[in-house]
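Trainee: Structure here, sequence nowhere to be found:
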């Protein structure tokens, strides 16, 4: 049986890495005595899988992990208290928003998620100028950006990956952008988006607000806040 | 010494000072008040005098400042079940696991080891308290690895059962691994090995230190070759494939034969491993010996860099073609600087500052270490590296740490130094008659152990019949059942050595 957990990572704890978060979760699950299943073999590891990694320094209110439980377990009654209990066992800034049981076989988060929504602060640029840059970018045929992937320099067109882009707010330090960026075939990171918008743009605070699964013309979050069941989770024909 | 009690005494003094307003110019007063707390050494309360470059006097500046500062010792570790709430770091650090100290002090009497010399007597934490601390600690932290720490963990009475209890605890659901740092070769039994390997193998490191039995007698690390091979057998038969061995070079009276003995020992360990699996690696890690204060070797002039380098080359040539054997060594130039610091006096403070000002930071990291910085700084202050590092000390000269005492009698240390040169070994005083080194007798304290019999049974590698041991100042912890003692002094509990 699998649990899917949605959690937030905000505040100072955003400076820990994804690996650090993975270990925080291992410890918290042990403290709360969740009966996690372990891998076999030489070095047994807990069967926990994370969705898309969040770059160090970014915040999020839409992080996910799936936890495989050991043995038959009817913990549905504990589900309602799980977010509070787990949040207490986790460091400050890492909070569980909701937890649900996954029925049947569900694709892994890495494969299933098709896009993410971000709030991206651009430092030192006024909204009017920002709006101009956004309009140019959305109107362009191509947005070529050179970035490093797997140790090599690669040049890609990012335009197809920008699902939506717009100015949200005037922030004192700069302008807040809202954007939805695709994760397949290659994910786009907020700082790469900035490279596409113009030279010398500086990234301020970044927060992931949603992850989306889009299939057959419909889209939903892996776990909306308050959900007790993963929406549209379907069993696969074996 | 031990900080548990003295830390509140220090806090009291500082608290009073703060309550008094910490008026300008009052700092010397609080320092003087601190110097009256037993166990606290305040350097500014002493004047030092040099003559011809040599230290000749360390004198208290006031009549109420002690001539010698004596270490503090807590006799009952059970009264201090700390840490109760170990901090759990969010980022990766070393030793990232639950740490529980199982005993303090060590009575093996290895002559190169400062920690062993000054932390006597042995004080064990009761096994039940260890289990409780492990259980509470794992509960609070969520760690999946426990480290049972001490200077020689397998010497703990009943180590097998404590390790077994931790690993087999149903609450841990078989997922907690136990790390035993500082494993003495002659106490690492199949019993201990079996328990540890059940969950996850943590690295195994043994420290024979000397390459030949003669060398080990000189340094009083009385491990016989059979003990090492026995431990290797336990290790490899229980499925380990990688082992690390620590050795020292540049030891007093060392010869090339002793150095080559390292290669042979390591090679034999690989051979034992190969009987169990094809892909075993034995890493022999070799470090230059740095004599330390408060040990019998404190008078020994450290071996020169050139000589250390020659001996390393000897070892490299001897092991070049050995498959399964990795040789690692510590940079002899770094060893030189460690030698400066190890037996330095207060004239070194400005030198260290100087090195820092010249850009020398992270000097213990090989990529940042620069010997010329140290050479220049020493020269700039008119100090000789040779003097601090390579000079054999005179038996009559005043050593810069003799106004600080761990209770060890100077006579004992000098006698032990002479015994070393005569290649005579000295037994573990927990189970054999006390030889009055001063560490306990001077303070009226004694060993606190749970068992009158050595845990691994038998001779602990000393080749002696301990059944005839004499009067030992030992307190037995309560609640310990009598252990049946075999005719040859071996214990009939589990985990008997071959």
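Mentor: Yes, it's here. Here the structure is a predicted model, which means the values were calculated and not measured.
Trainee: For chain A, what's its nearest residue on chain B.
Mentor: Across chain B, no residue is closer to chain A than residue B:142, which sits at 3.2 Å (C-beta to the nearest C-beta). Where you see a C-beta, it was placed from the backbone N, CA and C, and this is true even at glycine.
Trainee: isn't that residue right up against residue A:31?
Mentor: Yes - taking C-beta atoms under 8 Å as the definition, residue B:142 is a contact partner of residue A:31 at 4.1 Å.
Trainee: shared neighbours of the two, anything?
Mentor: Jointly contacting residue B:142 and residue A:31 under the rule C-beta atoms under 8 Å, 6 or more residues apart in numbering or on different chains are residue A:89.
Trainee: In stretch B:58-76, which residues are buried?
Mentor: B:58, B:60, B:65-66, B:69-75 (16 or more other C-beta atoms under 10 Å in any protein chain shown).
Trainee: In strands, which of these fall?
Mentor: Counting by DSSP state E, those place B:58, B:60, B:69-70 in strands.
Trainee: Need the contact partners of the top helix by length along chain B.
Mentor: Secondary structure of chain B per DSSP state H: the longest helix is helix B:256-274. Residues external to helix B:256-274 that are found in contact with it (C-beta under 8 Å, 6+ apart): B:208, B:210-212, B:214-215, B:225, B:228-229, B:232-233, B:236, B:241, B:243, B:245, B:247, B:249, B:251, B:280-282, B:284, B:286, B:311, B:314-315, B:318-319, B:322-325, B:327.
Trainee: PyMOL command to pick out the buried ones of the residues you listed?
Mentor: This is the PyMOL syntax for the buried subset of the contacts of helix B:256-274, where burial follows 16+ other C-beta under 10 Å:
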select buried, chain B and resi 208+210+211+212+215+225+228+229+232+233+236+241+243+245+247+249+251+280+282+284+286+311+314+315+318+319+322+324+325+327
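Trainee: Sort out for me which of the contacts of helix B:256-274 are in helices.
Mentor: Of the positions in the contacts of helix B:256-274, B:214-215, B:225, B:228-229, B:232-233, B:236, B:311, B:314-315, B:318-319 sit in helices, assigned by DSSP H.
Trainee: Can you identify each of the helices in the stretch 1-150 of chain B by residue range?
Mentor: B:6-19, B:27-35, B:114-118, B:127-141 (DSSP state H, counting those that start in this stretch).
Trainee: If we go by neighbour counts, what in the shortest one is buried?
Mentor: The reference is to helix B:114-118. Quick answer for helix B:114-118 (16+ other C-beta under 10 Å): B:114, B:116-118.
Trainee: swap in stretch B:131-143?
Mentor: Under 16+ other C-beta under 10 Å, the buried positions of stretch B:131-143 are B:131, B:133-135, B:137-138, B:141-143.
Trainee: now the helices of the stretch 1-150 of chain B in JSON lines, with distance to residue A:5?
Mentor: Formatted as JSON lines, the helices of the stretch 1-150 of chain B follow (distance: least, C-beta to C-beta, whole Å):
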{"stretch": "helix B:6-19", "distance to residue A:5": "42"}
{"stretch": "helix B:27-35", "distance to residue A:5": "52"}
{"stretch": "helix B:114-118", "distance to residue A:5": "46"}
{"stretch": "helix B:127-141", "distance to residue A:5": "21"}
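Trainee: Pipe these into TSV and attach distance to residue A:104 and mean pLDDT per row.
Mentor: Below are the helices of the stretch 1-150 of chain B laid out as TSV (distance: least, C-beta to C-beta, whole Å; pLDDT from 0 to 100):
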stretch	distance to residue A:104	mean pLDDT
helix B:6-19	58	96
helix B:27-35	69	95
helix B:114-118	58	90
helix B:127-141	34	92
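Trainee: Quick one: closest of those to residue B:436.
Mentor: helix B:114-118 (14.1 Å; C-beta to C-beta).
Trainee: Any idea how far the closest one is from the middle of the chain?
Mentor: 6 Å (C-alpha atoms, centre = their mean, to the nearest Å).
Trainee: Show me what that helix is in contact with.
Mentor: By C-beta under 8 Å, 6+ apart, helix B:114-118 touches B:1, B:71, B:106-110, B:151, B:292-295, B:406, B:408, B:437, B:439.
Trainee: closest to residue A:120 among those?
Mentor: Nearest to residue A:120 among the contacts of helix B:114-118: residue B:151, at 54.3 Å, using C-beta to C-beta.
Trainee: Correct me if wrong: residue A:20 contacts residue B:90.
Mentor: Yes - at 5.6 Å, residue A:20 counts as touching residue B:90 under the criterion of C-beta under 8 Å.
Trainee: Show me which of the two is the more surrounded one.
Mentor: residue B:90 (20 against 17; other C-beta atoms under 10 Å in any protein chain shown).
Trainee: Once you drop chain neighbours, what's closest to the more buried one?
Mentor: residue A:16 (5.1 Å; C-beta to C-beta, 6 or more residues apart in numbering or on different chains).
Trainee: The one you found: what's it in contact with?
Mentor: Contacts of residue A:16 (C-beta under 8 Å, 6+ apart): A:24, A:56, B:90-91.
Trainee: Now do the residue of chain A at minimum distance from chain B: how many residues are near it, please.
Mentor: Relative to chain B, the nearest point of chain A is residue A:27 (3.2 Å; C-beta to the nearest C-beta). Residue A:27: 18 surrounding residues under other C-beta under 10 Å.
Trainee: Tell me how far residue B:439 lies from residue A:20.
Mentor: 43 Å (C-beta to C-beta, to the nearest Å).
Trainee: same question, residue A:188
Mentor: 24 Å.
Trainee: so what's the closest residue in space to residue B:68 that isn't next to it in sequence bridging to?
Mentor: Closest residue to residue B:68 apart from its sequence neighbours, by C-beta to C-beta, 6+ apart: residue B:405 at 4.8 Å. When bridges are called by DSSP bridges, residue B:405 pairs up with residue B:70.
Trainee: what pLDDT does residue B:330 get?
Mentor: Residue B:330 carries a pLDDT value of 95.
Trainee: how near is the residue lying closest to it once chain neighbours are set aside to residue A:171?
Mentor: The shortest distance from residue B:330 to any non-neighbouring residue, by C-beta to C-beta, 6+ apart, is to residue B:287 (4.2 Å). Distance of residue B:287 to residue A:171, given as C-beta to C-beta: 56 Å.
Trainee: what do you get for residue B:350?
Mentor: According to C-beta to C-beta, residue B:350 and residue A:171 sit 51 Å apart.
Trainee: quick one: buried residues of the longest strand seen in chain A?
Mentor: Longest among the strand segments of chain A by residue count, using DSSP E, is strand A:202-215. The neighbour-count criterion (16+ other C-beta under 10 Å) identifies A:203, A:205-208, A:210-213 as the buried residues of strand A:202-215.
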